[in-house]
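Colleague: output the structure for:
(chains A, B, C and D)
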2 protein chains.
Amino acid sequence: MNARTHRGIRAAIRARIVAGEWQLGELIPGEADFAQEYGCSRTTVNRALQALAEEGMVERKRKGGTRVRPLPLPQAQLRIPLLREQVEESGRAYRCDTIVRRVARPPQSAAERLGTGETEAAYLETLHFADERPFAFETRWISLAAVPQFAEAELGELSANEWLVRTVPFTRGEVALSAATAGERIAGLLDTQQDAALFTMDRTTWLEDRPVTTMRLHYTPGYTLEFPI
Amino acid sequence: MNARTHRGIRAAIRARIVAGEWQLGELIPGEADFAQEYGCSRTTVNRALQALAEEGMVERKRKGGTRVRPLPLPQAQLRIPLLREQVEESGRAYRCDTIVRRVARPPQSAAERLGTGETEAAYLETLHFADERPFAFETRWISLAAVPQFAEAELGELSANEWLVRTVPFTRGEVALSAATAGERIAGLLDTQQDAALFTMDRTTWLEDRPVTTMRLHYTPGYTLEFPI
DNA sequence: AAGTGGTCTAGACCACGTC
DNA sequence: ACGTGGTCTAGACCACTTT
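Modeller: Residues are numbered from 1 along each chain as shown, chains lettered A, B, ... in the order given. I've put the predicted structure just below:
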C-alpha cells in the first residue's frame, strides 16, 4: 500500500486512529494539514477522509472539522447469497421444488408490504434442498402489477428468486431477521420436530416505488448466517 | 439532485441501468462518453462510476470497460447497534444487570475463538432490560491477555460491551446469527417459556491479531433485526 | 500496442455551520 | 464573517488487460 495514494493515506490515518493517536470524539487535523504532512494534494486527502467517513471511522462537518467517531459504530457488509450459491458453496447439490403456485388475494400482512391493496398477486411455496435434504422453506408473494410477465413465466430449474433477480432489477429492499417456532406443517416439510427454533428471513424489494415481491424464508434448525464486521 | 455533480450523475446512470437501457452484463459507455454527454469532466464521471461499482451495480476492468453486474448482488449495510441505543431509540428505558463476573478457564468453544489456549479469561453474564422487562441475555468471555485493564475495571452503569468499545478499539470482528431454543435457565432469566425460539447473535472481535472478546446474545422472543438492502 | 479505468495535481468556487 | 469540508476542472501520467 504505497503511502501517497488516497488508499494508502486512508490506511495510514485509520492505523493512527486505531493506535489511539486521537481520543474518541477528538478533532483530527484538517485536510490541508494532512496534505502537507503526506506531501500530496488536498484532493487526495479529501478522498481518503471521505472513505473513512463512509466506513464509519470518522465524522465530518463543514467548519466543524473531522472527528474520530465517538463509538466506533460496528457496521458490516452483509451479503445475502442466493440459496443456490449458499448450498453449492458448501459442496452440496442444490434443488428446489415448487409446492404451491397460484394467484390469490394476499393476506393483510403481505398486502401491506406489497402495497397492492385488494388486488390479486401470485403466491408461491418453494422447498429448497441441499443434497436432497430440506434446507429452507420459502413463501412468497409477487405483485402482478409490477411483474406481469410472471403470470406466464416458465421457471424450469430456476427458483422464483433467481427468475426475479434475472428479470427484474430492484432498486431497494428491506430485510428482517428473526427466530420463529416451527409449526406442524413447516416442521413436516423441513423434516424436523415441532417447536424447533428456525432462523427466519423476511425480505421485501421494490423497483423504484413499486413493491415487487415479499418473501419469508425458514431455514432448517442449526443454520447460521455468518459475516465479518 | 442536480445533474452535474458526481452524485447526480451516479443517480442518473443508476436509473438508466434500472430502466433496462443496457442488458445485464452488457458494456455501458466509457468515462469519456459520459463526460461528454453530461457536459462534465471525466474525473466526475469516474467518481460516479466508482461509486456504482462499490454499490454493486456495475463491474469495471481496465481496458475491459464497465459492465452492468450480471446478477445485481444484494448486499446490505448491517448496523449492529449497541443494546442501549436499540432500547432507547424505541423510547424505552435501558438498564443492565451483571449477574455473574468471575475469572475462569473458558470452555473449549469459547477458548477456540479467543485463541487463549489454557489461559484464564474473564467471564460475564449480563441481563439487559427495556423498561424493566428482560430484553436480552448476554454471556461473554474477555481475554485478559488482550485487555488486562478489565480485571480492575469498574463498570458502573456501563455494560461490558460499552466499556470495551470505549476502551479498546477493535479492528475486525465476526458475527454469526442464528436461532436457538431457550433452555430452562435462559427461559427463566428472560421471563419466557421453555422452548421459545430466540434470535441469537454471536460476536467475536480482534484488536489487530489478538482476540479481545467473544459473546453470545439471546434476545427475547419476537425480536427482529431489520435493515435496508 | 492500444484502449480503458485509476489516480494525482493545482487551483478554484461553493455550501454549510459555527462564531 | 470565516473556516472547514464538498466538489469541479483540465490536463497529465500510470497500470492493467485485452488484442
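
Colleague: near chain B at all, stretch A:188-198?
Modeller: Yes. Stretch A:188-198 reaches chain B (Cβ under 8 Å from any Cβ of the partner chain) through A:195, A:196, A:197, A:198. Where you see a C-beta, it was placed from the backbone N, CA and C, and this is true even at glycine.

Colleague: can you give me the end-to-end span of that stretch?
Modeller: When the termini of stretch A:188-198 are compared using Cα to Cα, to the nearest Å, they are 13 Å apart.

Colleague: what's the answer for stretch A:16-23, then?
Modeller: Distance across stretch A:16-23, first residue to last, is 11 Å (Cα to Cα).

Colleague: in it, what's buried?
Modeller: Using 16 or more other Cβ atoms under 10 Å in any protein chain shown as the test for burial, stretch A:16-23 gives A:17, A:18, A:22.

Colleague: what does chain A put close to DNA strand C?
Modeller: A:4-8, A:39-44, A:47, A:61-64 (Cβ under 7 Å from any atom of the strand).

Colleague: narrow those to those in strands?
Modeller: residue A:61 (DSSP state E).

Colleague: ok, which of the residues of chain A next to DNA strand C also contact DNA strand D?
Modeller: Here is what survives when the residues of chain A next to DNA strand C are matched to DNA strand D using Cβ under 7 Å from any atom of the strand: A:42, A:43, A:61, A:62, A:63, A:64.

Colleague: ok, so of those, who is nearest residue A:94?
Modeller: residue A:43 (47.6 Å; Cβ to Cβ).

Colleague: re the thing from before, chain B: which of the residues of stretch A:188-198 next to chain B is nearest?
Modeller: Nearest to chain B among the residues of stretch A:188-198 next to chain B is residue A:197, at 3.8 Å by Cβ to the nearest Cβ.

Colleague: could you identify the helix or strand that succeeds the helix or strand bottoming out on mean pLDDT in chain A?
Modeller: Every helix and strand in chain A was compared by mean pLDDT, DSSP states H and E; the lowest is strand A:75-79, with a mean of 65. Remark: after strand A:75-79, the chain's next helix or strand is helix A:83-89, criterion DSSP states H and E.

Colleague: that next one packs against which elements?
Modeller: strand A:94-104, strand A:121-130, strand A:133-142 (3 or more Cβ pairs under 8 Å, 6 or more residues apart in numbering or on different chains; DSSP states H and E).

Colleague: now those as CSV including mean neighbour count and distance to chain B?
Modeller: Output for these, formatted as CSV (neighbours: other Cβ atoms under 10 Å in any protein chain shown; distance: least, Cβ to the nearest Cβ, whole Å):
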stretch, mean neighbour count, distance to chain B
strand A:94-104, 14, 15
strand A:121-130, 20, 17
strand A:133-142, 21, 12
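
Colleague: which one of these lies closest to residue B:55?
Modeller: Closest of those to residue B:55 is strand A:133-142, at 24.9 Å (criterion: Cβ to Cβ).
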